[in-house]
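J.: Sequence first, then the predicted structure, then my questions.
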Amino acid sequence: MTVPAPASDAREPLRPLLVRIWRDYLSRHKPAFFASMLLAAVSAGLTAVLLKFLEPAIDLLFGREEGPVTVWGSLTIPANMVLIAVPLFIVVVAVIRSLSIVGQAALVNRLGHGVVGDIQKQLFSGMIRADLSRLRSQHSGTFVSSVLFDANLVREAFTGGVVNYTQNALMLLAVIIAMGFIDLPLTLIVLLGVPVVNWIIRRFGKRSRKAAHGAMVETEALSSALMENLDGVRLIKIENHEAAEEARVAAVIDRRQRHVIKGADSRAFAGPASDIVAYGIVAAVMAYAGWRAGQGAMTVGAFASFIAMLLLAGQALRQVTNLATVLSEGLTAARRLFAALDIEPEIREADDAVRLTPGPVTVALDHVCFAYHAGEEGAAPTLADVSLHVAPGETVALVGPSGGGKSTILSLLPRFYDVTEGRVTLNGRDVRELSLADLRDHIALVTQEPFLFDDTVAANIAYGRKGATADQIIQAARAAAAHDFIAALPDGYATRVGEAGARLSGGQRQRIAIARAFLKDAPILLLDEATSALDTESEALVQSALERLMAGRATLMIAHRLSTVRNADRIYVIEAGRVVEEGSHEQLVVQGGLYARLARQQSLDGEPAPLPEETGA
Ligand SMILES: Nc1ncnc2c1ncn2[C@@H]1O[C@H](COP(=O)(O)OP(=O)(O)OP(=O)(O)O)[C@@H](O)[C@H]1O
């Protein structure tokens, strides 16, 4: 006889999924897995033995014989021992059965949590190593909900599903075999119910898969909404949008709940639905067995044992039906997780990647074209034919209107994105030929909003170099004009900075980021509006720290305030993804083009920028 299998989606075959779960996760825990299966088989077998024993037990106890009796052709019990032997046998078997169940549960719990832990670790590593373009195209809530929620569904499927499902299926099988020994025709009647139960499982399985999918999508939406609200709490408060946000999140919660309730309903309804079938069978068996007993073809013990087995078979069937829906949900989650895990990053290291020789580095962009969504139809290029170079010790500035492509140029250097045409080179070597870690070791990046971890000041600075000593950290902080304010903090370098550095001012955060860059001591320095968010005093401190940092390195900087780029060795004016002008501040002012216009505008805003006339042009 075949135990009803959990329903599978016809379009997505179940077998490869199960093979993968076995290959990637369960096979690593083979001893525990097989031990739990063995214990499941033992407990299932002993359950059948216990129930089968009811037959001789009842017949012995009610129809006491004078001489020794033989049970199942092998167990001989003296007549005066029946009253002790029968209960003792039951107790011993029950204890062994319970121990196997407990042992199995302990193994299954470890197995399930071990597997979910493995999946969570893989998901995180997939996320942190994913291409920036993929991370930017999905909301961070998606990743959070898949690591926490979807992975847990898979665990439930393993513990509640795979193993307990097997235990109950084995129990069902064992009980049905034992029933066959009591009365074969009666057992065949029972088996007529199997196709009906199979149909019930498929029906509810389909529903619960659909509900599980909906719940996963809405859980993603919920985590995204929660994260967005926490990130944007200032905006929400200043715009008095609390009520609107409450309504938005409540709507997501309601939608999610509808799916969750549907899933729970399928689980809750599947069991009773199969109960109806089970009790229908019990009724039919009663009628038939009563008739057989009337004819003297069945003893009271056999009848009682058969009914007890039937009830247990009904219970096991109910469990199997229930677990089939849990299994469907887990498999739906597993499909989604595997699909996410299977996305290979496009930005990969070449097999024969090389390392740069230590020393100064010249950076060049050589006829570079780039589009964010290169594969998509009608995707407009963000950069077109951009060429520029920065020699060691040089400071090169990128200026130009907002959205022109300046930050995009910086992102191409550490290969956050790859060019669609042309090449980016370090010392003449295409960045795609270099080891990724080595490439990124050569670059320090300081942005307008530097990111700090919720850790100590020292740890945040040391993020720039693994294994930095306390002295090196302090030296870097001094160079970044950060030491004095750090020393004045309640716990000095051991002060925790709060979420994203919330306990520090913008200028302080900026100087910690600069200290980090000092510590990294990379030959290439990228500055993306590193001073634009600061007040004049902080800016002066940060500016002088930055000047010390830039010395001897190839620096590529973006600045909106032209005062900060006046001393650059070369300035590239970027407009609509192209280099439209190139030269020193003086040369560009004389040219009288876009740069000169920007300079004139900024001098109107109080920025000291000489007009073309002032330079004698
Ligand atoms: N992750 C992204 N996905 C798609 N398009 C993007 C992405 N980042 C930037 N863009 C687009 O690329 C163009 C160039 O953006 P970029 O940030 O490089 O300009 P920018 O010159 O640095 O602007 P700003 O001075 O305002 O910072 C813009 O049109 C922008 O909309």
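T.: Received it, and whenever you're ready, just let me know what you need. Just so it is clear, the model here is predicted, and its values are computed rather than measured.

J.: In space, what's closest to residue 404 - neighbours in sequence excluded?
T.: Once flanking residues are discounted, residue 404 sits nearest to residue 574: 4.4 Å by CB to CB, 6 or more residues apart in numbering. For every residue, glycine as well, the C-beta is placed using N, CA and C.

J.: by contact count, what packs against the helix or strand harbouring the one you found?
T.: In the assignment (DSSP states H and E), residue 574 maps to strand 570-575. Other elements packing on strand 570-575 under the criterion 3 or more CB pairs under 8 Å, 6 or more residues apart in numbering; DSSP states H and E are strand 395-399, strand 578-583, helix 585-591, helix 594-604.

J.: In the last one, which residues are buried?
T.: Going by neighbour count (16 or more other CB atoms under 10 Å), the buried part of helix 594-604 is 594, 595, 596, 598, 599, 600, 602, 603.

J.: what's the answer for the third one, then?
T.: For helix 585-591, the buried set under the neighbour-count rule, 16+ other CB under 10 Å, comprises 585, 588, 589, 590, 591.

J.: right, and the third one touches residue 602 too?
T.: No - judged on CB atoms under 8 Å, residue 589 makes no contact with residue 602 at a distance of 11.6 Å.

J.: hmm, back to that, any idea how far the ligand is from the residue nearest to residue 404?
T.: Computed as CB to the nearest ligand atom, to the nearest Å, the residue 574 to the ligand distance reads 6 Å.

J.: Run a quick neighbour tally on that residue.
T.: 24 (other CB atoms under 10 Å).

J.: that older thread, turn the buried residues of helix 594-604 into CSV, including pLDDT and distance to residue 33.
T.: Formatted as CSV, the buried residues of helix 594-604 follow (pLDDT from 0 to 100; distance: CB to CB, whole Å):
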residue, pLDDT, distance to residue 33
594, 89, 68
595, 88, 69
596, 88, 74
598, 85, 68
599, 83, 72
600, 83, 75
602, 77, 69
603, 69, 75
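
J.: Next to the ligand in this structure, residues from the stretch 101-250 of the chain, please.
T.: residue 136 (CB under 6 Å from any ligand atom).

J.: rewinding a little: how far off strand 395-399 does the strand holding residue 574 point, in degrees?
T.: 20 degrees (axes from the mean of the first three to the mean of the last three CA atoms, to 10 degrees).

J.: Can I get strand 570-575 in PDB, CA atoms only?
T.: Written as PDB, here are the backbone C-alpha positions of strand 570-575 (Å, rounded to 0.1, in the frame of the first residue of the first chain):
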ATOM      1  CA  ARG A 570      42.400  68.600 -12.900                       C
ATOM      2  CA  ILE A 571      38.700  69.100 -13.000                       C
ATOM      3  CA  TYR A 572      36.300  67.100 -15.200                       C
ATOM      4  CA  VAL A 573      32.900  68.600 -15.800                       C
ATOM      5  CA  ILE A 574      30.300  65.800 -16.200                       C
ATOM      6  CA  GLU A 575      27.000  66.600 -17.800                       C
END
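
J.: which ones are touching the residue in the stretch 201-350 of the chain that the ligand sits nearest to?
T.: When distances are taken as CB to the nearest ligand atom, the stretch 201-350 of the chain reaches nearest to the ligand at residue 347, 13.9 Å away. Listed by CB atoms under 8 Å, 6 or more residues apart in numbering, the contact set of residue 347 reads 131, 132, 415, 416, 417, 418, 436.
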